[in-house]
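Asker: Here you go, sequence then predicted model.
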Amino acid sequence: MQQIRIHGRGGQGVVTAAELIAIAAFKEGKIAQAFPSFGVERTGAPIEAFARIDDEKIRLREQVNNPNVLIIQDSTLIGNVDLLRGAKEDTIVIVNTSKKEKTVPLTKGKGGIIPEENIYTVDATKIALKILGKNIVNTTILGAFAKATHLVSLDSLKEAIEEKFKEKGADLIKKNIKAVEEAYKFEDLRLNIKKLALQKHEN
Amino acid sequence: MNEKKQILEGSNAIAQVIKTIAPDVISAYPITPQTHIVEDLAKFKADGESDYEFVRAESEFAAASIVAGASAAGARVYTATSSQGLLLMTEVVYNIAGMRLPVVMTCANRAVSAPINIWNDQQDVHAVTHAGWIMFFAENHQEAVDQHVMAFKIAEQLKIPVMINVDGFVLTHTYEPVIIPSAEKIKKYLPSYKPKIGEYLDPKNPVTLGAFATPADYMEIREDLHNDLMDSKEVILREYEQFKKIFKMSDNKRQVTVALAKKIKGIFDNGLLEYYGPSNAKTVLVAMGSVVGTVKDVADEVNKKSLFPGGKIGVLKIKTFRPFPEKEIAQILSKAKHIAVIDKAISLGHAGPLAMEVKSTLQGKTMANVRSFVLGLGGRDISKEMIGRVIKDMKQKENKVKFIGR
């Protein structure tokens, strides 16, 4: 079972991101689960959402306490929230930031536990501002998630966006898909596929 | 309509099955975490996808009264609530049962005030378990959906209201795969509701519902309701089998599930409860609602690695809290020496409500040590690690309820 924890702030669509992951995985024939952290969803407050992906029925309801993947939508959480709670060395961490140095506190030997090669940074804010016109990075960062983890394909992610946003109109769907595609191409990929613990899907 | 597995939010799955069942009247007042259910139902109506009357109410008291009135007039009705909403409905909840109105309600279980807390536990429903309703508890989306279909069938034939309990947020706000039964199959299973003359309010055939009863009659009327509730176990068992026949046999995916379940030794499943684990386990965990999934995972891990010195662990899930399946529970637990009951509620001043029932059920039947554990109040996450601590602790001869919170 693959367990994903997403950290962000209220208003950034953290819960929607988890749901999109689950919908995308389900479209690939996997069993999936997504749920919010049930915190107080005040705008700006640190919040979490969770997703699980497995080949078999998922019965577990606890929050994701041992993530295989961490998605950090807002780098200002680093140092303020225990983002690495239950994470291990092989946990893959995806951070929305334009500054690599922001991830130092997460990095092994520099205060964190995650080896540098397992930390991916993507400037999702820049992409979101350019394409969506606002700093809502929940869909954008999933492009990087798909590329870094191979847990869902870009295509199923696009399908998930179409399904989830169908009532929000074609324009918004198009823009979100474009943002995801752009993030999927992000340059900070030191993708050494063989090293990845989570390499399961073909794209 | 094609039945296929979809990935849905729990609330949406419940709203969709209610839409498919097509009640005549729905009335509700929004309250977290029930809100998405009634928002979806209101939307189906507004979008012209459904033709039930959707009556917006000014409070839960009004919503319950509206469905009570509509039910008394012979309509198929539905409502949903949570927490303080259920408490505000309480007077009407008792009246609905006393008047023998086949109302179906979803309770998206949530903590009660004070302190105010909008998150999940099951303290709300335990405030009304004496009211004379049949009470189901769902472990997952599929069970919740299926229980809603059965609820209408059972309520309408017995004239006893049914409440389906789904853990707020944990089920209502979670996405997971689920099959929504098709309208065709629901029609086959659930006939349209046609109460007989004399059973409903009709100017041409006047009747009185919920009339005044003096000490000369009141007691027998209550005894009748109690006896009917006790007898409803047979109907619940029968309807569950009937449901499986119509919905599971013709569905490949469900069939696989059933076949798998049969292969795994020690699974016992009916409309009242489910036992999961080795037969005659000496150690059994009892729980109801969504926490059972986590408990099963922990039991599997413990059993696989033989981690527990007391032997293998079984899991008993109570699906029907009222009527309480005493006979079946006593049977399944007859060989158990150590029983831990996990409650997401506390009867303040005594113990967990389910633990109290299990203890009274086993009174005089076994010498088992029954422990009461309270977990997950007010939305506190119930981790596998906490269930592990229940297992470690349950052999202690201790009568006091134990809270496991951190």
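Answerer: Thanks, I have it.

Asker: which residues touch stretch A:114-131?
Answerer: Contacts to stretch A:114-131, defined as C-beta atoms under 8 Å, 6 or more residues apart in numbering or on different chains, come from residues A:73, A:84, A:87, A:89-100, A:102-103, A:106-108, A:134-137, A:140-141, A:143-144, A:148, A:175, A:178-179, A:182-183, A:186, A:188-190, A:192, A:195. The C-beta positions use only the backbone N, C-alpha and C, and glycine is treated the same way.

Asker: how about the residue of chain B found nearest chain A, what does it touch?
Answerer: At 3.4 Å from chain A, B:G293 is the closest residue in chain B, using C-beta to the nearest C-beta. B:G293 makes contacts with A:I58, A:R59, A:L60, A:R61, B:E139, B:N140, as judged by C-beta under 8 Å, 6+ apart.

Asker: In JSON lines, list these along with distance to B:A42 and secondary structure.
Answerer: JSON lines is the format used below for those (distance: C-beta to C-beta, whole Å; DSSP: H, G, I helix; E, B strand; the rest coil):
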{"residue": "A:I58", "distance to B:A42": "30", "secondary structure": "coil"}
{"residue": "A:R59", "distance to B:A42": "32", "secondary structure": "coil"}
{"residue": "A:L60", "distance to B:A42": "33", "secondary structure": "coil"}
{"residue": "A:R61", "distance to B:A42": "28", "secondary structure": "coil"}
{"residue": "B:E139", "distance to B:A42": "28", "secondary structure": "coil"}
{"residue": "B:N140", "distance to B:A42": "25", "secondary structure": "coil"}
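
Asker: which SS class is B:Y193?
Answerer: coil (DSSP: H, G, I helix; E, B strand; the rest coil).

Asker: The one 4 residues further on now?
Answerer: In terms of secondary structure, B:I197 is coil; the call rests on three-state DSSP.

Asker: Per-residue pLDDT of it, please?
Answerer: According to the prediction, B:I197 has pLDDT 94.

Asker: For the helix or strand that contains B:A13, list the C-alpha coordinates in PDB.
Answerer: Using DSSP states H and E, B:A13 falls within helix B:10-21. The C-alpha coordinates for helix B:10-21 follow below in PDB (Å, rounded to 0.1, in the frame of the first residue of the first chain):
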ATOM      1  CA  GLY B  10     -19.300   8.800   1.300                       C
ATOM      2  CA  SER B  11     -21.900  11.600   1.500                       C
ATOM      3  CA  ASN B  12     -22.400  11.600  -2.300                       C
ATOM      4  CA  ALA B  13     -22.700   7.800  -2.300                       C
ATOM      5  CA  ILE B  14     -25.500   8.000   0.300                       C
ATOM      6  CA  ALA B  15     -27.200  10.800  -1.600                       C
ATOM      7  CA  GLN B  16     -27.100   8.800  -4.800                       C
ATOM      8  CA  VAL B  17     -28.600   5.700  -3.300                       C
ATOM      9  CA  ILE B  18     -31.400   7.900  -1.700                       C
ATOM     10  CA  LYS B  19     -32.000   9.400  -5.100                       C
ATOM     11  CA  THR B  20     -32.300   6.000  -6.600                       C
ATOM     12  CA  ILE B  21     -34.600   4.800  -3.800                       C
END
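
Asker: I'd like to know if that helix reaches chain A anywhere along the stretch.
Answerer: No - residues of helix B:10-21 contacting chain A under C-beta under 8 Å from any C-beta of the partner chain: none, with a closest distance of 9.2 Å.

Asker: Chain B contacts on chain A?
Answerer: A:19, A:22-23, A:26, A:31-36, A:38, A:58-63, A:65.

Asker: Leaving out sequence neighbours, find the closest residue to the residue nearest the centre of chain A.
Answerer: Centroid-nearest residue in chain A: A:I71, 4.0 Å away (criterion: C-alpha atoms, centre = their mean). Counting by C-beta to C-beta, 6 or more residues apart in numbering or on different chains, A:I71 lies nearest to A:I6, which is 4.4 Å off, once chain neighbours are set aside.

Asker: Can you name the residues bridging to the one you found?
Answerer: A:A49, A:I71 (DSSP bridges).

Asker: Please settle this for me: is B:L285 part of a strand?
Answerer: Yes - according to three-state DSSP, the state of B:L285 is that of a strand.

Asker: Could I get the contacting residues of it?
Answerer: Taking C-beta under 8 Å, 6+ apart, we find B:L285 in contact with B:295, B:299, B:313-316, B:339-342, B:387, B:390-391, B:394.

Asker: Please apply the same query to A:S75.
Answerer: A:V95, A:N96, A:T97, A:K99, A:K102, A:T103.

Asker: one more time with 7 Å
Answerer: Residues near A:S75 by C-beta atoms under 7 Å, 6 or more residues apart in numbering or on different chains: A:V95, A:N96, A:T97, A:K102.

Asker: Let me know the closest of these to B:K400.
Answerer: Nearest to B:K400 out of the contacts of A:S75 is A:V95 (C-beta to C-beta; 46.9 Å).

Asker: Point out where chain B drops to low pLDDT.
Answerer: Applying pLDDT under 70 to chain B flags the ranges B:1-2, B:249-267.

Asker: packing partners for the helix ranked longest in it?
Answerer: In chain B, with assignment by DSSP state H, the single longest helix is helix B:218-243. Secondary-structure packing of helix B:218-243 (3 or more C-beta pairs under 7 Å, 6 or more residues apart in numbering or on different chains; DSSP states H and E): helix B:141-158.

Asker: Output the helix it packs on as PDB, nothing but the C-alphas.
Answerer: Coordinates of the C-alpha atoms in helix B:141-158 are reproduced here as PDB (Å, rounded to 0.1, in the frame of the first residue of the first chain):
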ATOM      1  CA  HIS B 141     -19.300   3.200   2.000                       C
ATOM      2  CA  GLN B 142     -20.600   0.000   0.500                       C
ATOM      3  CA  GLU B 143     -22.100  -1.200   3.800                       C
ATOM      4  CA  ALA B 144     -23.700   2.300   4.300                       C
ATOM      5  CA  VAL B 145     -25.200   2.200   0.800                       C
ATOM      6  CA  ASP B 146     -26.500  -1.300   1.200                       C
ATOM      7  CA  GLN B 147     -27.900  -0.600   4.700                       C
ATOM      8  CA  HIS B 148     -29.900   2.400   3.300                       C
ATOM      9  CA  VAL B 149     -31.600   0.200   0.800                       C
ATOM     10  CA  MET B 150     -32.500  -2.500   3.400                       C
ATOM     11  CA  ALA B 151     -33.600   0.200   5.800                       C
ATOM     12  CA  PHE B 152     -36.500   1.300   3.700                       C
ATOM     13  CA  LYS B 153     -37.600  -2.300   3.200                       C
ATOM     14  CA  ILE B 154     -37.400  -3.100   6.900                       C
ATOM     15  CA  ALA B 155     -38.900   0.100   8.100                       C
ATOM     16  CA  GLU B 156     -41.900   0.000   5.700                       C
ATOM     17  CA  GLN B 157     -42.800  -3.600   6.400                       C
ATOM     18  CA  LEU B 158     -42.500  -3.400  10.200                       C
END
